[in-house]
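[1] structure, please.
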Amino acid sequence: EPWVAAAPKSAAAAAARRPRRWHLQVPARVRARTLGAGPPAAYRVAMRLTTLAFTSCLVAACGGGDPQPGVDAGPSADAAVDAALDSAGPTTVGGCGPTALDLCDWIPAPADRYAPATPVTVALDYADVTGATRTFEVAVRAPIGAPEPLPVVVWSHGGNDGRNDALGVGTEWAAILVAAGYLVIDIAHAPRGPASIQALCDHLGYDAVGCVMFKYLHWDRPHDAARVFDFVAAQAAAGPWAGRIDPARIVYAGHSAGSGGVLMVDGAPRDFAGQLVALPDPRPVAFLANSPQGPGDEGFVEASFAGCARPTLVNTGVGDDTNVLGVNRTRSFDLMPPGDKFRLYVREPAARHTTFDQNGDACATYSAQQGLDPARCDLYRQWIASAALAFLDAYARDSAAARAYLASANLAVLAGDGATWDRR
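    Okay, here's the model as predicted:
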């Protein structure tokens, strides 16, 4: 199963890179400020984020000042930040503070981002539970010049109808992850035809009515992902990528229905035809669930999430609504066993479902309709990306600095009233 081409090693270029900086480039006078020092929090921070296309913003709009209209009711985020900054609780790291918000994120500076190699598509197949051959496409996206062996992020898309073109899957997240030095494999979970759906229904025990309602990709995503994990192991052992990717550092990530597959592989059983079915896979070291399901959603029950024993990050918010509500999505985190669990919960309703897929369109539309500041849409995406990249670096790269960031108050300070950051 060789890939058509491997990304250039660029070892010399990688060695020549200066140490990676995980904050934005700002003037020295700003970097020198400490918490509580400097001018009022209304000064402008130039946030030059070329790859992520985040806009410049006023510091007051990036977390300080009064809450936006429609902010989710709950404990005061200001009080939470104050508590986090208290010596008895988490402190900030890297110079982060209300007057230095540019030092609070975990986004690589523009000079430290890796360019993407030309993506390669590969068709994979396996025999499914009905005995039929299931075929689907993946897109492999690699960074040029990143330190090797590369950690791997396997990505599952949302939706119930399936996809055939892997190059169109997860493009916004892939740009962020590849720029940060991760090899990304986007799965196009292929649709099934009527005969294939019926055969799967018969195998799982659905009656005629149940088969009409059955969302077959709930079953296929974990099995497709397992085939991709096999593919990663094969590529790491032989061919042009031998020794250049690390099959022991796989993170499984997704959005919406894709996060349902992530949770199942993480260990959360799901109802199929009246039976709870668990499909855990030991190979991923961590899991990133953007807009996941909660208890009572799409076959998950309250007891399901007790099976998620490995490191897991949940990103969701009050505006993360589809047929599944954001206020229930967040409960997945509450029901997981403690230990290496993290949650970013955006408290402003303008952060829509697709915002957690790093797409700003729905957020901009909602903001315009509600008279809210559309510039905040880029900030939500910044918070979500910061949480994700720090989490990946902590568990796929075993970065002590990233672990310190996750344990700090940086995200709470960065988001201010706009989001809460929880750890268990």
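[2] which residue ranges form the strands in the stretch 51-200 of the chain?
    57-58, 120-127, 133-141, 150-156, 183-188 (DSSP state E, counting those that start in this stretch).
[3] with respect to residue 221, which of the ones you listed lies nearest?
    Evaluated over those, closeness to residue 221 peaks at strand 150-156, with 5.3 Å, by CB to CB. Where C-beta positions appear, they are placed from N, C-alpha and C, glycine not excepted.
[4] the closest one - contacts with which helices or strands?
    The contact analysis (3 or more CB pairs under 8 Å, 6 or more residues apart in numbering; DSSP states H and E) places strand 150-156 against helix 171-179, strand 183-188, helix 217-237, strand 245-255, helix 257-266, helix 376-396.
[5] export the fourth one as PDB, just CAs?
    Once side chains and other backbone atoms are set aside, the C-alpha atoms of strand 245-255 remain, and they are given as PDB (Å, rounded to 0.1, in the frame of the first residue of the first chain):
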ATOM      1  CA  ILE A 245       5.800   8.300  10.800                       C
ATOM      2  CA  ASP A 246       5.100   7.000  14.300                       C
ATOM      3  CA  PRO A 247       2.300   4.400  14.600                       C
ATOM      4  CA  ALA A 248       2.600   4.600  18.400                       C
ATOM      5  CA  ARG A 249       1.600   8.300  18.300                       C
ATOM      6  CA  ILE A 250      -1.900   8.300  16.700                       C
ATOM      7  CA  VAL A 251      -4.600  10.700  17.700                       C
ATOM      8  CA  TYR A 252      -8.200  10.000  16.500                       C
ATOM      9  CA  ALA A 253     -10.200  13.100  15.900                       C
ATOM     10  CA  GLY A 254     -13.400  14.200  14.300                       C
ATOM     11  CA  HIS A 255     -16.300  16.600  14.200                       C
END
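[6] now for it, which elements pack on it?
    Strand 245-255 sits against strand 150-156, helix 217-237, helix 257-266, strand 284-290, helix 376-396, with contacts defined as 3+ CB pairs under 8 Å, 6+ apart.
[7] which of the strands of the stretch 51-200 of the chain has the lowest mean pLDDT?
    For the strands of the stretch 51-200 of the chain, mean pLDDT drops lowest on strand 57-58, to a mean of 27.
[8] what about residue 233, distance to residue 243?
    According to CB to CB, to the nearest Å, residue 233 and residue 243 sit 13 Å apart.
[9] name the residue in these two with the higher neighbour count.
    Neighbours per residue (other CB atoms under 10 Å) separate residue 233 from residue 243, with residue 233 holding more: 14 against 10.
[10] from what I can see the more buried one touches residue 247, true?
    Yes. Between residue 233 and residue 247 there is a contact under CB atoms under 8 Å: 4.5 Å.
[11] quick check: neighbours shared by these two?
    Common contact partners of residue 233 and residue 247 (CB atoms under 8 Å, 6 or more residues apart in numbering): residue 283.
[12] if we can go back for a sec, now the helices and strands packed on strand 245-255 in JSON lines, with distance to residue 196?
    Below are the helices and strands packed on strand 245-255 laid out as JSON lines (distance: least, CB to CB, whole Å):
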{"stretch": "strand 150-156", "distance to residue 196": "19"}
{"stretch": "helix 217-237", "distance to residue 196": "10"}
{"stretch": "helix 257-266", "distance to residue 196": "18"}
{"stretch": "strand 284-290", "distance to residue 196": "27"}
{"stretch": "helix 376-396", "distance to residue 196": "34"}
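[13] of the ones you listed, which is nearest residue 167?
    strand 150-156 (12.5 Å).
[14] strand partners (parallel or antiparallel) of the closest one?
    Partners of strand 150-156 in the sheet, by DSSP bridges, are strand 183-188 (parallel), strand 245-255 (parallel).
[15] okay, these, which one's buried deepest?
    Mean neighbours per residue, mean count of other CB atoms under 10 Å, is largest over those for strand 183-188, with a mean of 27.
[16] alpha carbons of it, in PDB - could you do that?
    Backbone C-alpha positions of strand 183-188 (Å, rounded to 0.1, in the frame of the first residue of the first chain) are rendered in PDB as follows:
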ATOM      1  CA  LEU A 183       0.600  14.100   9.400                       C
ATOM      2  CA  VAL A 184      -3.100  14.100   8.800                       C
ATOM      3  CA  ILE A 185      -5.200  11.300   7.300                       C
ATOM      4  CA  ASP A 186      -8.700  12.400   6.400                       C
ATOM      5  CA  ILE A 187     -11.200   9.600   5.900                       C
ATOM      6  CA  ALA A 188     -14.000   9.900   3.400                       C
END
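[17] so it versus helix 171-179, what angle?
    On the basis of axes from the mean of the first three to the mean of the last three CA atoms, to 10 degrees, strand 183-188 is oriented at 160 degrees to helix 171-179.
[18] which stretches of the chain form helices?
    11-16, 28-31, 77-85, 171-179, 194-204, 208-213, 217-237, 257-266, 326-329, 331-335, 361-370, 376-396, 400-407, 410-415 (DSSP state H).
[19] what mean pLDDT does stretch 265-280 get?
    Stretch 265-280 carries an average pLDDT of 97.
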